[in-house]
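Engineer: Can you look at this prediction? I've put the sequence above it.
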Amino acid sequence: MAFLDETQKEALRAQIHDAESGTSAEIVTVIAQQSDDYRYIPLLWAALAALSIPGWYFLYLTLTTGGWTYQDESVLALSALYPIQVLVFLGLASLFFYSPLRFWLIPKSVKLHRARRHAHEQFFLQNLHLTKGNTGVLIFVSVAEHYVEIIVDKGIADVVDNRVWNQCVNDFISHMRSGNIATGFSNTVEHCKQVLHEHFPAEHGRPDELPNHLIEI
């Protein structure tokens with residue numbers, strides 16, 4: 001799925017080129033549909049629901065008979081729970097896995113952890129740690145998680161407080177929630193340009209070490 005059209009991508013590429021023309025830093029932009037397939041989450045919820053069926057059955061017996069019962073008909077009913085559990089598991093697993101409901105079942109902390117891990121993986125996969133002077137900047141977006149992170153290499157982190165990027169990240173997230181991802185990228189690159197030109201100026205920049213185009217994964 002393309003989140004930016006070709007015109008927007010070209011505008012972003014030109015903006016990154018312009019930003020890098022006055023600094024010794026490198027800027028790379030990466031966007032992902034989501035940071036994990038979270039396959040185990042639907043199965044986990046379906047399993048928990050299926051495993052809870054005996055508990056609900058015994059609660060029913062307690063309320064209707066006044067306590068635990070081991071009469072023959074109750075034992076037979078209990079033995080019939082297994083196929084019911086299997087059907088519940090298969091039905092819920094299919095429902096959760098193949099519907100938009102799946103993503104809502106994932107705890108926020110899990111989504112943030114996966115997105116953050118993905119961002120840091122991309123920092124290394126895109127070779128930002130190999131730039132001359134350790135001045136690489138990654139602008140990472142994971143759409144499904146509404147996650148944005150700006151990761152800078154050691155050369156920049158030693159000079160610029162990480163809090164400088166926080167407002168920019170929050171601004172990007174607000175644009176993403178309203179469907180304006182292109183605006184989020186544009187504002188963020190402009191912010192990076194201002195910071196990098198101030199702290200890492202270079203009259204003619206330097207030859208591009210890394211791609212300026214938006215990387216979609």
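Structural biologist: Everything's here; your move.
Engineer: Following the chain onward from the helix or strand of the chain with the lowest mean pLDDT, which element is next?
Structural biologist: In the chain, the helix or strand scored least confidently by mean pLDDT, DSSP states H and E is helix 72-79, which has a mean of 56. Remark: after helix 72-79, the chain's next helix or strand is helix 81-97, criterion DSSP states H and E.
Engineer: how about the CA coordinates for that following helix, as CSV?
Structural biologist: C-alpha atoms of helix 81-97 as CSV (Å, rounded to 0.1, in the frame of the first residue of the first chain):
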residue,chain,number,x,y,z
LEU,A,81,-16.9,-29.5,26.5
TYR,A,82,-13.7,-30.6,24.7
PRO,A,83,-15.2,-30.4,21.1
ILE,A,84,-17.0,-27.2,22.1
GLN,A,85,-13.6,-25.8,23.2
VAL,A,86,-12.1,-26.8,19.9
LEU,A,87,-14.9,-25.2,17.9
VAL,A,88,-14.7,-22.0,20.0
PHE,A,89,-10.9,-21.9,19.5
LEU,A,90,-11.1,-22.4,15.7
GLY,A,91,-14.0,-19.9,15.3
LEU,A,92,-12.5,-17.1,17.4
ALA,A,93,-9.0,-17.7,15.9
SER,A,94,-10.4,-17.3,12.4
LEU,A,95,-12.5,-14.2,13.4
PHE,A,96,-9.6,-12.5,15.2
PHE,A,97,-7.0,-13.4,12.6
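Engineer: buried set for it?
Structural biologist: 85, 88-89, 92-93, 96-97 (16 or more other CB atoms under 10 Å). (Glycine included, C-beta is placed from N, CA and C.)
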